[in-house]
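# I need the structure of the sequence given here:
(2 chains)
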Amino acid sequence: MNEAPAIHVRGLTRRFGQLLAVDHVDLDVPHGRVYGFLGPNGSGKSTTIRMLCGLLTPTDGEIEVLGLRVPQQAEDLRRRIGYMTQSFSLFADLTVGENLEFIAEILGVPRERKRPRITELMDRYRLADRRHQLAGTMSGGQKQRLALACAVMHEPELLFLDEPTSAVDPESRREFWEALFELTDAGTTLLVSTHLMDEAERCHRLAILDRGRLVADGTPGELTRALDGRTWLVESDDPRRAQRALVDAPGVLGIAQVGHALRLLAEGGQGDGFAAALEQRLSRAGQSARLHPTPPNLEDVFVAATRPGERERVA
Amino acid sequence: MNLRRLWAIMQKEVRQMRRDRITLAMIMVLPIVQLVLFGYAINLNLRGLDAAIVDQAQTSDSRALVMDMLATDVIRPVATAHTPDQVIDLIRRGRINVGVVIPPDFEARKQDGRPVAQVLVDGSDATVAGAAAQLAQTPVDSRLPDAHAPYASTPSVPRIVVTSFYNPERRSAVNIVPGLVGVILTMTMVLFTAIAIVRERERGNMELLIATPLTSTELMLGKVVPYVLIGLVQTTVILALGRWLFDVPIRGSLLDVYFAALLLIASNLTLGLLISSRAQSQFQAMQMTFFIFLPSILLSGFMFPFSGMPKLAQWIAELLPLTHFLRLIRGIMLRNASLLDLWGDALALVAFIAVMMTGAILRFRKRLD
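Numbers count the residues shown, from 1 in each chain, chains lettered A, B, ... in the order given. A predicted model of the protein is given here:
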């Protein structure tokens, strides 16, 4: 593994008029891994990716991607990166084969490599039998595979994927992620933005963005371990009433219904009596419910990382 | 500039065009429909035609006749000439629409009852020819109502003769069809390119394209060149149909005709590119196209003769490519002028192309912000 990170960002900021879309973000993305960008819609994921590709000019901050300064050296960078846009951006009125050929020409795949490379990609991403179909008439999963095939046409060292699977079914999503891991096995670095927890869990490393700020950064394991002892499952006959009784309780950071149970995230540093105190509170509200400790997951990490900001804003 | 990438863009444009049946139909049907519609005459009275007057008699009566003609406001002297040949040359070069020639034997002709003056007119514009006929109604001997009554009463001999050059039958189609080449090219070419780039932005293709090593120049040229060929096909359709349906002649060189058409096509395509770099949606691009198209139709001299328009309208018209193209194409097709004779208008189009293309490339950023 190279000693310098694939992406090195300091103080990255972008304003759109009054709106601060990205607010002093620092990032270090290592080589050969899948690095996830987790955040709700409007948290600045796409804006950050676009700045890293040189498509948007940062208002402030420094970007170095594959050792090149962006946006100054963005043109040189474009030969070495792939970018899969959030919405399908290939040509709907060209066939699968025509799209691949066009992209190969634009990305400068050597003439003698072009045919074998297109055949290879069509085989790998199961597009061979669709060669003469118009891209616009394909299903979401098929479009996704075509977009990925085009994005990796020139064998980029670094691949940006902006919410790649938000429009496809879980089966296609799993298959798509297998394809992504094949790429990392071959040494490609991937930066994937998502708002889906199951997708975030697959990443080697995660950054959580909230309203333009980087609020957490680490491996999924590190991030969830930090919440050990703070997550509880509340079993109740009437989860909705139980939720109303607990939502304002001291020390409760977030509470959400999961089937018949409630999942509760506590603030850090709660004593041993925390569960008992909440059970008392529930019985005062006429609820007989019990709290069990439960292992934290990424959604809890996400809630823990993003909620405090909202509290401050409300207060 | 990478030729391989340029070629890839061009090939893609043609493939997309081929699948767009409605646009393809537009390309062929639009010229035909317009040709038939406009083939019928639009006739208007007008004033202020550019003229040259040659008074070789220089008697008080001849000067009075000239003054009477000027008083009608139909003509406006803009050039000096001393012989009928010079007048004809001025008409051919498009400097004037009308020439008035009074021969040296004006007084003798008046006595004999023969025609006393000749109005030479550029008949390639039917409305101009009509105005010249009106000019010929000017009474020759209004100053001497009683002097030569016996001769003046001979009605069979017209006192002022109108000689129409280039379109003796005064058929308006002869004038309209060459102009229609320009109108159709203006309408389709600006719109196609304006939409071609905005459409890619709307569909999200642009975000993919600008993340590749493709340069602005490659993208712009690659999009424009296929439309140049389409423009030439349209030109051919109109010229062929004009010949076949309305018997419109091509008196000048065919090469010059196509070269003039190329200049207009390039002007309109670059204008379309500039529009597309500003427009946010296809609808906006369409609105901006019509914003250019309407003055082009109304002010260029296609519908209303240029000389009849107020000064301000003429200045605006000078900025429109169609105005210059109309002068070129009418000159070449109807008056057998060459592009060199009309170099001023050709140069104006070249300048227009250079300014628009530079503007479009400068405005098109490989950025999303």
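
# I'd assumed A:E98 was in contact with A:R130.
No - look at A:R130 against A:E98 with Cβ atoms under 8 Å: they stay out of range, at 11.8 Å. Every residue, glycine included, has its C-beta placed from N, CA and C.

# Secondary structure class of the closest residue to A:H292 other than its chain neighbours, three-state.
Nearest residue to A:H292, sequence neighbours excluded (Cβ to Cβ, 6 or more residues apart in numbering or on different chains): A:L233, at 4.9 Å. Secondary structure assignment for A:L233 (DSSP: H, G, I helix; E, B strand; the rest coil): strand.

# What residues sit buried inside stretch A:80-99?
Of the residues in stretch A:80-99, A:81-86, A:88-99 count as buried by neighbour count, 16 or more other Cβ atoms under 10 Å in any protein chain shown.

# oh, I was asking about stretch B:342-361
Neighbour-count burial for stretch B:342-361 [16+ other Cβ under 10 Å]: B:342, B:345-346, B:348-349, B:352-353, B:356-357, B:359-361.

# Now stretch B:334-353: average pLDDT?
The average pLDDT within stretch B:334-353 is 91.

# end-to-end on it?
26 Å (Cα to Cα, to the nearest Å).

# chain center to it, what's the gap?
Offset of stretch B:334-353 from its chain centre (Cα atoms, centre = their mean, to the nearest Å): 11 Å.

# which residues does the residue of the stretch 101-250 of chain A found nearest chain B contact?
Nearest residue of the stretch 101-250 of chain A to chain B (Cβ to the nearest Cβ) works out as A:E105 at 3.5 Å. Residues counted as contacts of A:E105 (Cβ atoms under 8 Å, 6 or more residues apart in numbering or on different chains) are A:114, B:4-5, B:7-8.

# what's around the residue nearest to A:H292, how many residues?
As a burial measure, A:L233 scores 14 neighbours (other Cβ atoms under 10 Å in any protein chain shown).

# With A:A266 as the reference, measure out to it.
Relative to A:A266, A:L233 is positioned 12 Å away (Cβ to Cβ, to the nearest Å).

# where along the stretch 1-150 of chain A do the strands fall?
A:7-16, A:19-29, A:34-38, A:60-65, A:68-70, A:81-84 (DSSP state E, counting those that start in this stretch).

# out of those strands, nearest to A:L161?
Among these, the nearest to A:L161 by Cβ to Cβ is strand A:81-84 (4.6 Å).

# neighbouring strands for the closest one, and are they parallel or not?
Here strand A:81-84 has these sheet partners by DSSP bridges: strand A:158-162 (parallel).

# circling back to that earlier point, do you know how far the residue of the stretch 101-250 of chain A closest to chain B is from B:A266?
Relative to B:A266, and taking Cβ to Cβ, A:E105 is found at 25 Å.

# hmm, back to that, turn the buried residues of stretch B:342-361 into a markdown table, including distance to B:Q282 and secondary structure.
Formatted as a markdown table, the buried residues of stretch B:342-361 follow (distance: Cβ to Cβ, whole Å; DSSP: H, G, I helix; E, B strand; the rest coil):
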| residue | distance to B:Q282 | secondary structure |
| --- | --- | --- |
| B:L342 | 36 | coil |
| B:D345 | 32 | helix |
| B:A346 | 33 | helix |
| B:A348 | 30 | helix |
| B:L349 | 27 | helix |
| B:F352 | 24 | helix |
| B:I353 | 24 | helix |
| B:M356 | 20 | helix |
| B:M357 | 22 | helix |
| B:G359 | 21 | helix |
| B:A360 | 17 | helix |
| B:I361 | 21 | helix |
